[in-house]
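>>> dropping the sequence and predicted coords here.
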Amino acid sequence: MKEKMKSKKIWKAALMVALILSLLSFVFTGCSGNNPNQKPNTETSMNSSQPTVTDSTGKTAIDTDKDGIPDSVEKTYGTNPYVADTDGDGVNDKEDKEPLKIENLIKETGTSTLDVKIEDARVEDNKDADHLEITLNNTGKTTLNNFDIYYTITDKIDKTQESYYQKLSGLSLNAGETKTIHFDNQVSEAGHYFGNMSGLYGTSKNGLIFDIQLHAKDFQPLNFQVEKAEGTAEVAD
Ligand SMILES: [Ca+2]
Ligand SMILES: [Ca+2]
Ligand SMILES: [Ca+2]
Ligand SMILES: [Ca+2]
């Protein structure tokens, strides 16, 4: 009887040791980084494939939009580090004498009324997502597309002005459909377009006026205004 108890205890101890060893092996394999299914550090991979430019001090700097101006310089210069031609006039930021100024390129001769109701238009004023967003409703009976937009931003206090033109690629509104478009640089998502956070948009603490012209090919443009209250200029970049 005693022998039986003893052998039972030995087995129990052996099982515990085996369990501890397998647990330790699992922990160490997980921490060693040798797991072939583990994804590489994306930040490192991204940085190694980032386009770069040599700045004035001879240092290599990241130039995401390849316009010849490093991202860090664009943020202080006032241009968009994600767009080579921030204002949309066809001249790259580096060559553009007025990189935040463009005349209105929308010259519509069509006289049809654009059956779009602006249901909401605002410039959010919160720390994490300060951006222009517009909610559109197609009140007509046909699908609308080929949209573009021109807008000027005026600083209410010092009257500084910027202007931008963009084709709203991919925007299509079925009859009766409502969609919201955002100008926040999150362009991998549908309905999101570039917005220059380095300009007045993201840096001025004064109130701003956005004079917006929305246009779809063959239709009369729609004009409307959005005001941004004075306050924080902290934005996501
Ligand atoms: Ca750049
Ligand atoms: Ca740029
Ligand atoms: Ca330009
Ligand atoms: Ca320009």
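Nice, thanks for sending it over. Ligands and ions are numbered 1, 2, ... in the order given.
>>> does stretch 52-66 reach ligand 3?
No. No part of stretch 52-66 sits near ligand 3 under the criterion CB under 5 Å from the ion; the closest distance found is 11.7 Å. Every C-beta, even on glycine, is put in place using the N, C-alpha and C of the backbone.
>>> start to end distance for that stretch?
End-to-end distance of stretch 52-66: 8 Å, with CA to CA, to the nearest Å as the criterion.
>>> just to be sure, K94 is in a strand?
No. K94 is assigned coil when assessed by DSSP: H, G, I helix; E, B strand; the rest coil, not a strand.
>>> list the contacts for it?
D67, G68, I69 (CB atoms under 8 Å, 6 or more residues apart in numbering).
>>> give me the contacts around stretch 121-140.
115-120, 144, 151, 173-184, 195, 197, 201-202, 208, 210, 212, 214, 224, 226-229, 231-236.
>>> compute the first-to-last residue distance for that stretch.
Stretch 121-140 end-to-end distance (CA to CA) = 20 Å.
>>> can you check stretch 59-74 too?
Across stretch 59-74, the terminal residues are separated by 16 Å (CA to CA).
>>> buried stuff in it?
A61, D63, T64, D65, D67, I69, P70, D71, V73, E74 (16 or more other CB atoms under 10 Å).
>>> inside helices: which ones of the residues you listed?
Among the buried residues of stretch 59-74, the residues falling in helices (DSSP state H) are D71, V73, E74.
>>> those residues: which ones sit near ligand 1?
Within those, nothing lies near ligand 1 by CB under 5 Å from the ion.
>>> circling back: now the contacts of K94 as CSV including pLDDT?
What follows is the contacts of K94, written out as CSV (pLDDT from 0 to 100):
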residue, pLDDT
D67, 96
G68, 94
I69, 95
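>>> any weak-confidence spans in this structure?
1-49, 125-129, 232-237 (pLDDT under 70).
>>> so how far is ligand 3 from I212?
19 Å (CB to the ion, to the nearest Å).
>>> wait, a strand at that residue?
Yes. I212 forms part of a strand when assessed by three-state DSSP.
>>> tell me how many other residues crowd it.
I212 sits with 20 neighbouring residues when counted by other CB atoms under 10 Å.
>>> partners of the closest residue to it other than its chain neighbours in the sheet?
In space, I212 comes closest to Y151 once its chain neighbours are excluded; the distance is 4.4 Å by CB to CB, 6 or more residues apart in numbering. Beta-bridge pairing of Y151 under DSSP bridges involves Y164, I212.
>>> helices of this structure, start to end?
So, for the chain - with DSSP H - the helices run 2-32, 42-49, 71-77, 200-203.
>>> I'd say Q213 and N223 touch.
Yes. Counting by CB atoms under 8 Å, Q213 does reach N223; the two are 5.3 Å apart.
>>> how is this protein divided into domains?
Following automatic domain parsing, one gets these domains for the chain: 1-38, 116-228.
>>> contact residues of this protein facing ligand 4?
Close to ligand 4, as judged by CB under 5 Å from the ion, the chain has residues D87, D89, D96, E98, K101, I102.
>>> near ligand 2, which residues of the protein show up?
D65, D67, T79, D93.
>>> nearest spatial neighbour of the first one, skipping sequence neighbours?
In space, and not counting its chain neighbours, D65 is closest to A84: 4.5 Å by CB to CB, 6+ apart.
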